[in-house]
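Q: okay, sequence plus prediction incoming.
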Amino acid sequence: MCNGRLNGHHQFLKNFEQPHLQNAKRGQGRGFLSADLQILHRPTSRPELFFLSPAGFPELAMEDALQSNSFAPPSSAVLDEGFVGSWGRMKDPQEGCSFSSGQGQDLPANDGDPFEWVLCVPGSKVVTSGLNEISSRDVVLFVNAGGGVLDEGSSLRIGADSFFQGGDVLRTDERIVDAGSCPTTLYQSARFGNFSYTFDGLAPGRYFVDLHFAEIVYTNGPKGIRVFNVFVQEEKVLSEIDIYAVVGANKSLQIVDVGVTVSENGVICIKFEGVHGSPSVSGICIRKAHTTLAPLRKEEHLLCKKCTSAIEVSPTQSRVLNTKSTVRYEKKIEELQTLCKLKTDECYEAWMSLTDANEKLEKLGMELDTKFFQAETLDQTVRKQTDKLKDVSAKYEKDKKHWAAALNQLEAKIQAMKKEQAELSHDAHECTSSIPQLNEMVIGIQALGKMKTMLYKCVEYYLSDVYFSLVVSQCEDLKLKYRNIRVFCRCRPLSKEEVASGYATVIDFEGAKDGDLGLSVAGSTKRIFRFDRVYAPKDDQVNVFADASPLVTSVLDGYNVCIFAYGQTGTGKTFTMEGTEQNRGVNYRTLEELFKVAKERCETFSYNISVSVLEVYNEQIRDLLATSPSSKK
Ligand SMILES: Nc1ncnc2c1ncn2[C@@H]1O[C@H](COP(=O)(O)OP(=O)(O)OP(=O)(O)O)[C@@H](O)[C@H]1O
């Protein structure tokens, strides 16, 4: 914003004598209308122009002012203590003009803020672009903070870091620029952290302290990352210094001529206090002040944070600034108090909300515990069930193996039985075809036909002894010859008509289960007839077929079988063989059994079944299924 010191000793007028200012004074540049204009130019990479006019601020053509290269930068500028007038400021012409102005002691401000200042001891100054040669004669002590001895052939000898308490060491190999007469290596090391220096053994008197800084860690900033205060003999000499903000990284920054008085104890104590981040220092130089210092004027030095210029202000200006600062800080305090109340309210609300949330959380925690317990119980149950399942699975696997083995054995047995059956079947066929007595069997059947006649006679003549003996003897004879012939006797119950007519049964079924049939005729002794089996009236169709069914299986095994019913008219032949639809007789049941067994054996045997229906009547055979009358016989 402004360059050099405004020392308030009428140099204002002196500067007016300088050629470049005279040019401006004379208004030789286009648009300079006021003869009382003072132009201060800061020779930095970001040029800014600072205009002062004790007799009212002129209307300037800013572009003209910027384009005017006729003036050289002054080494210092002046602001008179009694200065009453106008000021103006113009920033960075490369980025476009911005302009502000003010009146009288209302010095140029930075964005409306009166001063952002960091240097606060009288007499000291900031050097940002290298220090002029330091006279080694004046140097009492020079330490390289964080580093070793620096000689480098110059007359100035810088000692190794000492007299410090606390802190750590920083180093860099980066190149340091703008070190001036000091060796650049001085700035390549630093002491940082929580530290202080106590220099002792000094003769009482006045000294100057120079502080050397460089930002070698946060080389990309940002601003504000390392801000700190410096105290010399408990007096704050630097307030909120931000090295990076002032000079950037790897560049020297020096605060020189910090005046200090050493008392009888011979000690200079320098303390560093971090505001943001850790403080750091690269070097400390203590020089003897040879001249008797004039009594300190109550002036203050200000440093613009943006342009790093040191500004020396008078007590009057300082008072104005202090008042403004006080007002500003009071306003800020008020704002902060309001903000604080707001935050307190917010905190209370947040606290209430937190309490509520805690209660809910506690409740949820209890629910969680319950759920956890339930889950544990379920887990145990599941584990038990799993164990049981494992047992069952193991048992199942064992049984499976057992039954698989048993099945294999059974299959082997079945195979063996099938083979045996096939052999037997084969044998049976051979046997059937080679039965030598087949003709005799036919004769036997014919004999049975004769028996029919005899039985008729038996029944008609109430079974006379002669016939009966004949039948019995012939039966015995047939039994001996043909053991496969069985004779069953079935006696039907008396019909309703017979009962109504007063008939009574003459048959005694006492020995029926042994195959004996007794006839009780009045006036004569009881006669016994023997059969393979006798069916009483109470025996039904199922009982009768139970004895016939094994013969059916014999048929499918290859044997010839003949079942026929024989008897007097009305004795129940048709009922026994055919039966009724609801109560099937032997014929139907035989066919059912035939098909059933044939189906069971279908994988082993294939059967052809044919049916013929014949009527034998009066020695005549008639085909009941014949379609034409001629083929009936
Ligand atoms: N066991 C029985 N139980 C009940 N009723 C029977 C029984 N046997 C036969 N009957 C009945 O007796 C009657 C005569 O029977 P069925 O017609 O079967 O005799 P049949 O010997 O065939 O006669 P035919 O030689 O004249 O044809 C029929 O009404 C029949 O229902």
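A: Noted; the coordinates are in hand. Numbering: from 1, shown residues only.

Q: tell me which stretches of this structure form helices.
A: 11-16, 19-26, 62-67, 243-247, 315-433, 438-460, 465-481, 496-500, 541-556, 573-577, 586-600 (DSSP state H).

Q: out of the ones you listed, which comes closest to Gln165?
A: Closest approach to Gln165 among these is made by helix 243-247 (21.9 Å; CB to CB). Any C-beta I mention is one placed from the backbone N, CA and C, and that applies to glycine too.

Q: mean confidence for the closest one?
A: Average pLDDT, helix 243-247: 87.

Q: ditto for stretch 223-240
A: On average, the pLDDT along stretch 223-240 is 88.

Q: before we move on, what about stretch 536-546?
A: The model assigns stretch 536-546 a mean pLDDT of 92.

Q: so, low pLDDT: which residues of the stretch 251-400 of the chain?
A: For the stretch 251-400 of the chain, the stretches with pLDDT under 70 are 291-318.

Q: got the CA coordinates for stretch 626-633 in CSV?
A: What follows is stretch 626-633 as a C-alpha-only set of coordinates in CSV (Å, rounded to 0.1, in the frame of the first residue of the first chain):
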residue,chain,number,x,y,z
ALA,A,626,-69.6,-118.4,-32.1
THR,A,627,-70.9,-115.7,-34.3
SER,A,628,-72.6,-117.9,-36.9
PRO,A,629,-75.1,-120.7,-36.2
SER,A,630,-73.1,-123.1,-38.4
SER,A,631,-70.0,-122.8,-36.3
LYS,A,632,-71.8,-123.2,-33.0
LYS,A,633,-71.4,-126.9,-32.8
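
Q: heads up, I number from 286, so please use that
A: Understood, numbering begins at 286; the last thing we discussed is stretch 911-918.

Q: what is the mean pLDDT for it?
A: pLDDT averaged over stretch 911-918 gives 79.

Q: contacting residues around the residue nearest to Asp458 when sequence neighbours are not counted?
A: Closest residue to Asp458 apart from its sequence neighbours, by CB to CB, 6 or more residues apart in numbering: Gln473 at 6.9 Å. Gln473 makes contact with 432, 456-459, 461, 501 under the criterion CB atoms under 8 Å, 6 or more residues apart in numbering.

Q: residue of the stretch 686-835 of the chain nearest the ligand, please.
A: The minimum distance from the stretch 686-835 of the chain to the ligand, using CB to the nearest ligand atom, falls at Arg777 (3.3 Å).

Q: out of the helices of the chain, deepest packed?
A: Sort the helices of the chain by mean neighbour count, taking mean count of other CB atoms under 10 Å, and helix 528-532 sits at the top with a mean of 22.

Q: which strands and helices sit next to that helix?
A: Judged by 3 or more CB pairs under 8 Å, 6 or more residues apart in numbering; DSSP states H and E, helix 528-532 is in contact with strand 538-547.

Q: buried set for the strand it packs on?
A: Taking 16 or more other CB atoms under 10 Å as the neighbour-count basis, strand 538-547 is seen to contain the buried residues 538-545, 547.

Q: of those residues, closest to Asn828?
A: Once CB to CB is applied, the member of these that ends up nearest Asn828 is Leu538, at 131.3 Å.

Q: wait, the closest one sits on Val532?
A: Yes: in this structure, Leu538 is within contact of Val532 by CB atoms under 8 Å, at 4.6 Å.

Q: identify the contacts common to those two.
A: 413, 499.

Q: coming back round to it: how deep is the residue of the stretch 686-835 of the chain closest to the ligand tucked in, by neighbour count?
A: Applying other CB atoms under 10 Å, we find 16 residues neighbouring Arg777.

Q: so who does it touch?
A: Going by CB under 8 Å, 6+ apart, Arg777 touches 822, 856-857, 860.

Q: okay, the residue nearest to Asp458 and Asn535: tell me how far apart.
A: 9 Å (CB to CB, to the nearest Å).

Q: which neighbours do these two share?
A: Between them, Gln473 and Asn535 share these contacting residues under CB under 8 Å, 6+ apart: 457, 459, 461, 501.

Q: buried subset of those?
A: Buried, going by 16+ other CB under 10 Å: 457, 461, 501, out of the shared contacts of Gln473 and Asn535.

Q: give me the mean pLDDT for stretch 777-793.
A: Rounded mean pLDDT across stretch 777-793 is 91.

Q: hey, C-alpha coordinates of it in CSV?
A: Extracted in CSV, the C-alpha atoms of stretch 777-793 (Å, rounded to 0.1, in the frame of the first residue of the first chain):
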residue,chain,number,x,y,z
ARG,A,777,-76.5,-123.7,-0.7
PRO,A,778,-79.0,-122.4,1.9
LEU,A,779,-82.6,-123.3,1.5
SER,A,780,-84.4,-120.8,-0.7
LYS,A,781,-87.4,-118.8,0.5
GLU,A,782,-89.8,-121.0,-1.4
GLU,A,783,-88.3,-124.1,0.1
VAL,A,784,-88.6,-122.7,3.5
ALA,A,785,-92.1,-121.5,2.8
SER,A,786,-93.0,-125.0,1.6
GLY,A,787,-91.8,-126.4,4.9
TYR,A,788,-88.7,-128.1,3.7
ALA,A,789,-85.9,-128.7,6.2
THR,A,790,-82.3,-129.5,5.5
VAL,A,791,-81.2,-133.1,5.9
ILE,A,792,-77.5,-132.3,5.8
ASP,A,793,-75.5,-132.1,9.0
